[in-house]
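Student: Sharing a model prediction with you, sequence too.
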Amino acid sequence: MLNLLRSDLYRLIRGKALWVMSVVLVACMAFAAGMLHWVTQPDFLAFYAQTEMMTVDEVQSELMPREEAEESFAVTVQGPGTSVRADGFREVPTVDDFRDVSAEMRQFGSLTGLFGSGFVSGGFLAVTASLLVALFFSADFETHFVRNLTMTRRARVAYYGEKLLLASLMALWFLIVLAVSCAASFALAGISYRADEAVGGLLLWMLLTWLSATVYAWLTALVVWLTRSKAAGIAEAIVVSSSMFGALLAQALAYFGRVLPWMDALPAWLPSGALNLLAPGAAQLAVPGGALGFAGAPVGVAVLAVLLIWLAVCGALTFAVCRRRDL
């Protein structure tokens, strides 16, 4: 098993897919931080507000007489950076009016909250790890690499066990890349945090996030092994590992829950349900709720239970079904 792992790690490191995807992830985090830095500049906010106000003035002057327009301006609720003169007309907002707004927009609740909105809630981490699993694992069948292995019963267990471990390492690598690049990029963009997080809470949140990405990576591995198709693995990685599929499935279960009430509880036991609970950050982990909310268990315990169940299911299917198939 260790020999297979060393061989796969050698092929993975010497290949291009891992490094290309890592560079893309770093570029995406840098681009997101750069966009946030740009749109939260006081001059940009002032320009945007002025443009919107001019549009409103033009529309109202065309749709109503001047007297009605002046009356409308006089009773309009003031927004950030907009003041009203004594005669009822709005004054043009200036850059100084938006400095406080800009500073507020550059604050996140916590570092894990930034991570959650940056690459967890939308399934960015899960999709990336699953894509690499689909590409790398399907190559064993396309290149007939598995035919060079001695596939006794013990060897099959070692093969699939090593692949599951490798998928977990892929998820861990991309989590580290995203976390480091995200924290560094947004720090350069001037982002601050309203609350400091304890190291223990941060590490627990990272552990649960890694387990969630591992669940999706193992699901993709199952699809690749059952279908022997790269296209099927890529399709599963994009559709299932993204938040879109989880949201649609949760809506469908909620719809059928009107007839069968027990279905309302199922979304919380899906990997996407655990992912949604991780998105707000580490502060959410101590709040009672989640799949075990009826027992008063904290969110962190509920998320851990759900993820361990799915990992056990994926492992059982791998060794019970895939191990018996001819390679």
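Tutor: Okay, I see it.
Student: looking at this structure, which helix or strand is least sure?
Tutor: Each helix and strand of the chain was given a mean pLDDT (mean pLDDT, DSSP states H and E); the minimum falls on helix 66-75 at a mean of 37.
Student: Burial check on W269, number of neighbours?
Tutor: W269 has 16 neighbours, counted by other Cβ atoms under 10 Å. Every C-beta, even on glycine, is put in place using the N, C-alpha and C of the backbone.
Student: same deal with R154?
Tutor: 10.
Student: pLDDT at it, what is it?
Tutor: pLDDT for R154: 77.
Student: V59 now?
Tutor: 26.
Student: ok, the residue nearest to the spatial centre of the chain to S168 distance?
Tutor: In the chain, the centroid-proximal residue (Cα atoms, centre = their mean) is V120; its distance is 2.1 Å. Separation of V120 from S168 (Cβ to Cβ, to the nearest Å): 17 Å.
Student: now swap in D43 and tell me
Tutor: Where S168 is concerned, D43 sits at a distance of 47 Å (Cβ to Cβ).
Student: who has more neighbours, those two?
Tutor: Comparing D43 with S168 by neighbour count (other Cβ under 10 Å), the higher total belongs to S168, at 19 against 11.
Student: I'd assumed A32 was in contact with G118.
Tutor: Yes. Applying Cβ atoms under 8 Å as the test, G118 and A32 come out as touching, 6.7 Å apart.
Student: Comparing these two, which residue is more hemmed in?
Tutor: Under the criterion of other Cβ under 10 Å, the comparison of G118 against A32 puts G118 first, with 24 against 18.
Student: Nearest residue to the more buried one in space, please, no chain neighbours.
Tutor: Taking Cβ to Cβ, 6 or more residues apart in numbering as the measure, G118 lies nearest to C182, with 5.0 Å between them; neighbours along the chain are not counted.
Student: Look at that neighbour and report its pLDDT.
Tutor: Looking at C182, the pLDDT reads 93.
Student: Can you name the helix or strand that it falls in?
Tutor: With elements taken from DSSP states H and E, the one containing C182 is helix 153-188.
Student: in its sheet, what does the helix or strand following that helix sit against?
Tutor: Once helix 153-188 ends, the next helix or strand along the chain (criterion: DSSP H and E) is strand 192-193. Each strand paired with strand 192-193, and its direction, by DSSP bridges: strand 107-108 (parallel).
Student: Report the mean confidence score over the strand it pairs with.
Tutor: Averaged across strand 107-108, pLDDT comes to 78.
Student: what's the model's confidence in the helix or strand following it, averaged?
Tutor: Sequence-wise, the next helix or strand downstream of strand 107-108 (DSSP H and E) is helix 111-115. Per-residue pLDDT values across helix 111-115 average out to 90.
Student: likewise stretch 205-214?
Tutor: Per-residue pLDDT values across stretch 205-214 average out to 95.
Student: got the contact list for it?
Tutor: Identification of contacts with stretch 205-214 by Cβ atoms under 8 Å, 6 or more residues apart in numbering yields 112, 115, 120, 125-126, 129, 167-168, 171-172, 174-175, 179, 271, 274-275, 278, 281-282, 285, 300, 303-304, 307-308, 311.
Student: Return the set of buried residues in that stretch.
Tutor: Neighbour counts over stretch 205-214 (16 or more other Cβ atoms under 10 Å) mark 205-206, 208-214 as buried.
Student: Determine which two of those are furthest apart.
Tutor: For those, with distances taken as Cβ to Cβ, the pair at the greatest spread is W205 and T214 (14.9 Å).
Student: Without its sequence neighbours, what residue ends up closest to T227?
Tutor: Distance criterion Cβ to Cβ, 6+ apart; nearest residue to T227, sequence neighbours excluded, is G233 at 7.3 Å.
Student: What about the one you found, how many residues nearby?
Tutor: Here the count is done by other Cβ under 10 Å, and G233 has 26 residues near it.
Student: secondary structure element for it?
Tutor: Taking DSSP H and E as the criterion, G233 maps to helix 230-239.
Student: got the contact list for the residue nearest to T227?
Tutor: Under the criterion of Cβ under 8 Å, 6+ apart, the contact list for G233 reads 133-135, 137-138, 220, 223-224, 227.
Student: So which of those residues are in helices?
Tutor: Within those, residues falling in helices by DSSP state H are 133-135, 137-138, 220, 223-224, 227.
Student: now L311: how far from L277?
Tutor: Per Cβ to Cβ, L311 is found 17 Å from L277.
Student: Also R258?
Tutor: R258 sits 24 Å away from L277 when distances are taken as Cβ to Cβ.
Student: And T143, by the same measure?
Tutor: Using Cβ to Cβ, one gets 40 Å for the distance from T143 to L277.
Student: now M170
Tutor: The span separating M170 from L277 equals 23 Å under the rule Cβ to Cβ.
Student: sorry, back to before: a markdown table for the contacts of G233, including neighbour count?
Tutor: As requested, these are arranged in a markdown table below (neighbours: other Cβ atoms under 10 Å):
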| residue | neighbour count |
| --- | --- |
| V133 | 30 |
| A134 | 26 |
| L135 | 19 |
| F137 | 22 |
| S138 | 23 |
| T220 | 32 |
| V223 | 22 |
| V224 | 28 |
| T227 | 15 |
